[in-house]
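> Sequence isn't available, so here's the structure alone:
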């Protein structure tokens, strides 16, 4: 036994704050409805991502939740979006794109299907251990295995509370809240779990409760989004510096990169619930 599911998070609109769940349907495409929508820049055609904060940091001042639960194999229901001024608007509203464009200061369209050859821009902080230090790069959306989704990489992201506790101990001046890292699943470790426990999960299959099985496929390389203000968390460049200083993992072609949490693919579909036991298969 590795622990239990402490929290489940779904992010209906890419780079916006999401919704915490008690249970969720998991398919080969991840949590049903996760990253189901995204904004696309009308001028550039690129997907809006807070990984380029000079353009899109305000996305993290918005929060999205589905008006009704999405269901597998069905069209996504509308989302409700809370804007930074406290107002809210539904994706079915005729003025949705105008409202979002006004909020973000750029002309955008809310989409539920990525445009052809979708890409996004990523700003790399000038921090030791980061690839492309101080540069802005263009990244293809997804890993080519799940077309039609707004994921940057794998479809499920897990994070252990032991890792957050370890970082908090090593850098007590920061607030290492799970929300900074935008996981789908937070795993509360067994009482003896310490350190960066996800390192031991790589290339293993985890069982979550009675149904869901996830194969851990890669470490989650961290980016500038961990440093941005969101919710009640202040902007803090020290978060990423601490990760780069204390936990790097080998990544093919790039060397040792700062990582927190792990990515997974779905081996067996089903329902995962808060409190489900997590164990190796």
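Sure thing, it's come through. These numbers come from a predicted model, not from an experiment. Residues are numbered from 1 along each chain as shown.
> any idea how far residue 141 is from residue 107?
In this view, residue 141 and residue 107 are 20 Å apart by CB to CB, to the nearest Å. The C-beta positions use only the backbone N, C-alpha and C, and glycine is treated the same way.
> what about the two, which has more around it?
Neighbours per residue (other CB atoms under 10 Å) separate residue 141 from residue 107, with residue 141 holding more: 23 against 14.
> ok, now how distant is the residue lying closest to that one once chain neighbours are set aside from residue 112?
Excluding the flanking residues, the one nearest residue 141 by CB to CB, 6 or more residues apart in numbering is residue 118, at 4.0 Å. Distance, residue 118 to residue 112, by CB to CB: 13 Å.
> Looking only at neighbour counts, state which of the two leads.
The residue with more neighbours, out of residue 118 and residue 112, is residue 118; 20 against 16, by other CB under 10 Å.
> and residue 54, helix, strand or coil?
helix (DSSP: H, G, I helix; E, B strand; the rest coil).
> Show me what the closest residue to it other than its chain neighbours is bridged to.
Excluding the flanking residues, the one nearest residue 54 by CB to CB, 6+ apart is residue 123, at 6.6 Å. Assessed by DSSP bridges, residue 123 has beta-bridge partners residue 136.
> how close does residue 123 sit to residue 51?
Applying CB to CB to residue 123 and residue 51 gives a distance of 7 Å.
> tell me, what's touching the two both at once?
Counting by CB atoms under 8 Å, 6 or more residues apart in numbering, the residues touching both residue 123 and residue 51 are residue 224.
> got any ranges where the stretch 151-281 of the chain has weak pLDDT?
Filtered on pLDDT under 70, the stretch 151-281 of the chain yields the residue ranges 191-192.
> my guess is residue 156 meets residue 184, correct?
Yes: contact criterion CB atoms under 8 Å: residue 156 and residue 184 qualify, at 5.2 Å.
> Now for the two: what residues contact both?
In terms of CB under 8 Å, 6+ apart, residue 156 and residue 184 are both contacted by the residues 30, 31.
> More neighbours: which of these two?
Neighbour count, other CB under 10 Å: between residue 156 and residue 184, residue 184 has more, with 28 against 25.
> rewinding a little: for the residue nearest to residue 141, phi and psi?
Here is the backbone geometry of residue 118 (degrees, to the nearest 10): phi -60, psi 140.
> how near is it to residue 45?
The gap separating residue 118 from residue 45 is 8 Å, by CB to CB.
> Check residue 150 too.
Here residue 150 is placed at a distance of 14 Å from residue 45 (CB to CB).
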